[in-house]
Structure formats: structure tokens, C-alpha cells
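Asks: After the sequence you'll find the predicted model.
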Amino acid sequence: MIETLASELAAVGIRGRQRERILAEVADHLACDPQADLGDPRALAQEFADDLAVDTTRRAAGWTFGALVLVAAAVAVPQLLSPAAPDIAAGWSLWLALPATLAVVIGAQVAFAAGCLAGLRALRRPQDVEVVRRRTMAAIGAGALAASGSALSAVNFWAVLPRWWCVLTLTAAVAAVLPLAAPALACLRVRPIRVSYSGTGGLSADLGALARPLLIGAGVTFGMLALTSLAERSLVEGSLRAGFEAVAFAVCFVALRRPLALTD
Amino acid sequence: MPGRVTGYLDPVVLAVVASGPLHGYAIIEELKARSGGELDLPEGTVYPALHRLERRGLLKSAWSRGEGRRRRVYRLTTSGRRELEARAREWRTFARVVDGVLA
């Protein structure tokens, strides 16, 4: 029993201390009662693997959502406190300014979408381990990208904006990335575990009848048009940013279709 | 009746551990004794439940030595006690309602 269970646990991806602990407990059980009915070793190993994968990914999705709130604050608060809004070309180099801006704008939106979708699936269908894990990893990557963009922006405007603002922005970005490490490690640890079932349903499994990418894209674009036109008091500026948003949404949808399990 | 207890395995295990720290084999024996032998489920299924309950913070465990072997001893946490009370209330309500319908 012990040898068979050991190889079955290895086959489902449970190794190291976790496997040693299970085997020690089963060995103790069999020493107490050599005739004990512990069931089929393969089914037992699979049950351990399924439980471990579901619990770990669900917790990682929750942690990620919380950590992304910190990233959002770390990116948004320095922007709100910025004593001036310098021209994008006023910093050290446009080669820093452009990637920094893109990283913040796209990273923040992808992190928000992926984090929400990961949390939604983890709540509604936690047994879809692979979908929850992929979405969580995408959210973590995008969150780190947004924080990196904010840090890069501080470096770019080092000579233009007050020193306190640059230090605050850099410190907040670095501090916000650290909590993302724990769920990232959890997702990496759970990756080799083979679960008996993992659904792959797309957006329709999360949003039901609302799972219409064109409708969502149109809503996001229109929202951007309205908000930026009002904020900038210019329909031209609003239209430009909404056009960029529409293109970015389409590109991200195509690029992230698989990692985020957006389609069935 | 192994099949019927599956959905209630977690609170049943919590209830057994609530009486004091126990290792896996002792938990299963206590489970059998309290149920008069009716809960004769495959003993292996209790171990994934113990690990799951520990990951959720409802149990905590530590190695100890017993009869010359290493054994994992489980005890209930404060969250575990709260969870047990909630599930027991839920079960009593369910049982009362079904009893009322069947009577």
C-alpha cells in the first residue's frame, strides 16, 4: 500500500514534504491496523491532489485580488498627489515615458479584468483549477507590469517633478509588487499537480448572458470616450483615447483569449 | 452508510477532534465508535479531509511520537469550533425540517 501510494502521489504531482507527510500518516495507520481498508491508492492520491489544487488556487485568487487593490492604490495615489502634470516629452526620455505609460494603462486594465475573472471563477467553480490558475497568473503579471510602469515613470520624471513625489512613487510601486509574490509562488507550486477534472468554460461560465465581448468592448470604449471628453473638455481628445482603448481592448482580447479562458 | 456521510464528513471529523487532540487512526476509530459502526467509510478518505480542514485553518496539527512512531496529531482551532457550531446548527435545522415532513 505504502509503495503504491507513494508512486500514485508522485504521478499526480504531489512530492516533497507533502508526500512524506501523507505516507507517514498512512504508515502509522497501517501499523495500528494492518488490515485497515484505506481504499484504492490511486483514488486516494487523486483526492489529495484535487483538494490541494482547488484550495491553493482558490486562495491564490483571493490573495491576488487583495494584492491588486494595493497595486491600484500604489499607482493611483501618486498620480493624484502629483503637484504637476508634465508633458510626456518633458522627462528623461520618450523611450522611458511611452513604455511606462503603456504599462500603467494596459497593465492596470488587464490586471483588473483578470483579477475579477479569476475571483469570479474561484467563487463559482473552484474546481476549474486550470482556468483560475491561468487567470490569477495573468492578473499577477499585469499587476506587476502596472507597478513597474509607475516606477519607470518616477525614474523618467526624476529631474522634472519634486524628489518626494518620485521617491513616494518608486517606494509605493516596489512595496505593492511584494504581496504579489505569495500567490505567484502558490500558482507555480500547484502547476505540476494533475487534477481529475478541470473545466475550461469561457466567459459564458462566468457572466452568463452578459458574456458578449463586442458589447463589453463597446461599453469600455464608450465609457472612455465620455470620461476623457469630460475630463479633458475636448471631444477630439476623448475620441483619440477611446480609439486607442478600442484597439487595445481588441488586441488584448485576442492575445489573452487563451490565458484568461475568455472563449469556450 | 458511507455514501450518505460524504457531504458531512468535514463537520463529523471536526466534532470528533473537538473532544481533544487525536491522530488519524484514533479519529477514525472514534468516528466508528460514536456512530455505532454505522459510519464505516473507506478509512483513507478521512486523511484528505484532515488535510483540507487544516489548510482552511479549522484544524492544526503537529508531529508527536507514539508507540515508537511519528504520528500527526490534530486539534481544533477557534475557527474550527465556530465552523462546527454553525454546521451543527445547520444540520439540526435540516433534520428537524425533514423529520417534520416525514412524520
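Replies: Done, it's in.
Asks: A:G16: neighbour count?
Replies: Neighbour count of A:G16, defined by other C-beta atoms under 10 Å in any protein chain shown: 8. Bear in mind the C-beta positions are built from the backbone N, C-alpha and C, glycine included.
Asks: check contacts around A:L161.
Replies: Contact partners of A:L161, counting by C-beta atoms under 8 Å, 6 or more residues apart in numbering or on different chains, are A:82-84, A:86.
Asks: Likewise for A:S239?
Replies: Contact analysis of A:S239 by C-beta under 8 Å, 6+ apart lists A:225, A:229.
Asks: which non-adjacent residue is nearest residue 24?
Replies: This is for chain A. Using C-beta to C-beta, 6 or more residues apart in numbering or on different chains and skipping the chain neighbours, the partner closest in space to A:A24 is B:R70 (5.6 Å).
Asks: meant chain B, my bad for not saying
Replies: With C-beta to C-beta, 6+ apart as the criterion, B:G24 has its nearest non-adjacent residue at 5.2 Å, and that residue is A:E25.
Asks: Check the average confidence over the strand or helix carrying that neighbour, would you?
Replies: Following DSSP states H and E, one finds A:E25 within helix A:16-32. What helix A:16-32 shows for mean pLDDT is 91.
Asks: neighbours around A:A67, how many?
Replies: Neighbours around A:A67, by other C-beta under 10 Å: 25.
Asks: was I right about it contacting A:P183?
Replies: Yes - A:A67 lies in contact with A:P183 (C-beta atoms under 8 Å); the separation is 6.7 Å.
Asks: what touches both of these two?
Replies: The contact lists of A:A67 and A:P183 share A:I140, where a contact means C-beta under 8 Å, 6+ apart.
Asks: which element follows the helix or strand of chain A with the lowest mean pLDDT toward the C-terminus?
Replies: Lowest on mean pLDDT, DSSP states H and E among the helices and strands of chain A sits helix A:203-207, with a mean of 77. On the C-terminal side of helix A:203-207, the closest following helix or strand by DSSP H and E is helix A:213-232.
Asks: Helices along chain B, start to end?
Replies: B:2-5, B:9-17, B:24-34, B:46-55, B:78-102 (DSSP state H).
Asks: Serialize those to CSV and add fields for mean pLDDT.
Replies: Below are the helices of chain B laid out as CSV (pLDDT from 0 to 100):
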stretch, mean pLDDT
helix B:2-5, 52
helix B:9-17, 92
helix B:24-34, 89
helix B:46-55, 93
helix B:78-102, 93
